[in-house]
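>>> Could you look at this predicted model? Sequence included:
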Amino acid sequence: MIQSKPRLRLRKTALLAAIALPALMAFNGASAKTLVYCSEGSPENFYPGINTTGTSFDVTEQIYDNLVNFERGGTKVVPALAEKWTISKDGLEYTFSLRHGVKWQSNKNFTPSRDFNADDVLFMFERQWKENDPFFKVTSSNHSYFGDMGMPALLKSVEKVDEYTVKITLNTPEAPFIANLAMQFAGIQSKEYAIAMLKAGTPEKIDQDPLGTGPFQLVQYQKDAVIRFKAFSQYWAGKAKIDDLIFSITPDASVRWAKLQKGECHVMPYPNPADLDTMRKDSHVVVQEQPGLNIGYLAYNTTKKPFDDVRVRKAINMAIDKKAIVSAVYLSTGIAATNPIPPGQWSYNKAIKDDAFNPTEAKKLLAAAGLPNGFSTDLWAMPVQRPYNPNAKRIAELMQADLVKIGVKAEIKSFEWGEYRKRMQNGEHQMGMMGWTGDNGDPDNFLNTLLGCASAKSNGSNVAKFCYKPFEDLVLKAKQVTNPAERTKLYEKAQVVFKEQAPWFTIAHAVQIAPVRKEVIDYKLSPFGKHTFYGVDIK
């Protein structure tokens, strides 16, 4: 009976979307080019500064621009709202020359009176940085990425030199700083729109009814059903090739595949591994794939007993049959993970050996930790399919079966995805599954953002609450070094410390896969797992 409820919700969602989409497409008219993306879920909100999930970033990616961007389908940083920049010899001062004539989108509540300028860049930083900023707590004060990457301590000043020049001064050198500014948290909102909404007594409108300088503008959002965008005709880089972009929210991977087959959507994420053979044989579909810059893992809350003892963490690592999990759940779409960064990430330490699957040795470690009869714990599993984990509930069941053999009784728990994420960040779990897809091609984005002390203390992405000085010292030093060979050595050492301390059971690195209908032209996979539709066309 309990299991039937989620299925009922999925059917209702699919029905809502099925009703909404034909109506939308009919409204657009036959001449408009419409691309439908079968997305996997609803966004957390429309403010990238407080989001942490790819589901939300896929939405804000279409609306907002950054000072700099990653080239489409690659990791190279290219100019965006900043046309060029200079860096001082000591690596502390960054001066950005802003693009002229960049237009803002408008809606029924607001019509811009000016183009994008330096005030908007300062607003992006100060909203996340200055607690006395009137927008610091609007929607949420938990600016996860900004805090996780240590930005409050890193930034000394952000100054407006003139209308189209901004100077950022750092307290210490930061090797990945420019790449960090291409990440979603640094999407730029209109300060003029913010002030207008503040005066109207509705400051939250800037996050609920988003206006950006990006290629697409939000037209309609029906939670758990549909998101509709239209191409922004005044986009500074030129109007998008498609006129209308629709996100058909479809949580069930089997339903997404059925829609793709019927032509009801053109692109889908996160297919069921078991469906891939059929997809590859479909003459109307191209299955795009490449190694994923991601990691799926089980985090131990290192601040809670018994997981504050490294022997217990090591025992759990040795009790779980990783190869069996990857074989049964990922099939051909993943490889067993040893390190906290994927093999395709530069500085990956190939010399590290994974913990052996050895239940007998695991029992001995538990006994040495004073737990000869095992213990009871929770085991959290995501309720949704993620790019790094195709079926968390099934993995949890396999883990549960392995753990009971060494006397560890694990109760599987789950919550709605937004609630799950929030509770994990708050540290309510003992053991919980989570994962990550790289944002900027730098090891810092994994090792510091997911395992650094700042991220642990700010209820950020460090859900293991792991704060260990020998690891921290290596990672922080690596941020300040510009020589790639030197940085690589520091990150290789940090991975050794990670493996010794075992704050996670590393599960797998998933292959990035996107089934795309053949009428779609020039869709590119992003190494960061983003779904970007500017530059895409349709026959």
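Arrived safely.

>>> okay, CA-based contacts and neighbour counts for the rest of this
OK.

>>> Tell me how far residue 507 lies from residue 294.
11 Å (Cα to Cα, to the nearest Å).

>>> Please spell out which residues along the helix or strand containing residue 420 are buried.
Here residue 420 sits within helix 417-426, counting by DSSP states H and E. Within helix 417-426, the residues that count as buried by 16 or more other Cα atoms under 10 Å are 417, 420-421, 424-426.

>>> How about stretch 432-441?
Neighbour-count burial for stretch 432-441 [16+ other Cα under 10 Å]: 432-441.

>>> among the helices and strands of the chain, which one scores worst on average pLDDT?
Using mean pLDDT, DSSP states H and E, helix 4-28 stands out as the lowest-scoring helix or strand of the chain, at a mean of 42.

>>> on that earlier part again, between the buried residues of helix 417-426, which is nearest residue 153?
Comparing the buried residues of helix 417-426 against residue 153 with Cα to Cα places residue 425 closest, at 20.8 Å.

>>> Can you tell me the SS state at residue 412?
Assigned by DSSP: H, G, I helix; E, B strand; the rest coil, the conformation of residue 412 is strand.

>>> my guess is it contacts residue 380, does it?
Yes. The pair residue 412 / residue 380 is scored as a contact, 5.7 Å apart, by Cα atoms under 8 Å.

>>> Need the residues touching each of those two.
residue 396 (Cα atoms under 8 Å, 6 or more residues apart in numbering).

>>> Which of those two has more residues huddled nearby?
residue 380 (25 against 17; other Cα atoms under 10 Å).

>>> Now do that one, the pLDDT please.
According to the prediction, residue 380 has pLDDT 98.

>>> Nearest residue to it in space, please, no chain neighbours.
Once flanking residues are discounted, residue 380 sits nearest to residue 432: 4.2 Å by Cα to Cα, 6 or more residues apart in numbering.

>>> Residue 494 now?
Of all residues not flanking residue 494 in the chain, residue 471 sits nearest, at 5.5 Å (Cα to Cα, 6+ apart).

>>> which ones are touching that neighbour?
494, 497-498.

>>> Now do the contacts for the closest residue to residue 105 other than its chain neighbours.
Using Cα to Cα, 6+ apart and skipping residues adjacent in sequence, the residue nearest residue 105 is residue 211, 5.4 Å away. By Cα under 8 Å, 6+ apart, the residues touching residue 211 are 63-64, 104-107, 189-190, 217-218.

>>> still on that earlier bit, any chance of the buried residues of helix 417-426 in a markdown table, plus distance to residue 85 and pLDDT?
Converted to a markdown table, the buried residues of helix 417-426 look like this (distance: Cα to Cα, whole Å; pLDDT from 0 to 100):
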| residue | distance to residue 85 | pLDDT |
| --- | --- | --- |
| 417 | 39 | 89 |
| 420 | 40 | 95 |
| 421 | 36 | 92 |
| 424 | 38 | 96 |
| 425 | 35 | 94 |
| 426 | 38 | 95 |
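
>>> and those as TSV, adding distance to residue 453?
What follows is the buried residues of helix 417-426, written out as TSV (distance: Cα to Cα, whole Å):
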residue	distance to residue 453
417	25
420	22
421	19
424	16
425	13
426	14
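
>>> count of neighbours near the residue nearest to residue 405 when sequence neighbours are not counted?
The shortest distance from residue 405 to any non-neighbouring residue, by Cα to Cα, 6+ apart, is to residue 359 (7.7 Å). Number of residues near residue 359 (other Cα under 10 Å) recorded here: 20.

>>> Enumerate every residue touching residue 359.
Listed by Cα under 8 Å, 6+ apart, the contact set of residue 359 reads 315, 318-320, 405-406.

>>> From those residues, list the buried ones, please.
315, 318-320, 406.

>>> Can you tell me which of those comes closest to residue 452?
Among those, and counting by Cα to Cα, the member closest to residue 452 is residue 315, at 23.4 Å.

>>> Is the closest one in a helix, a strand, or coil?
Three-state assignment for residue 315 (three-state DSSP): helix.

>>> how close does it sit to residue 146?
Separation of residue 315 from residue 146 (Cα to Cα) stands at 34 Å.

>>> can you check residue 152 too?
7 Å.

>>> If anything else comes up later, I'll come back, but that's it for now.
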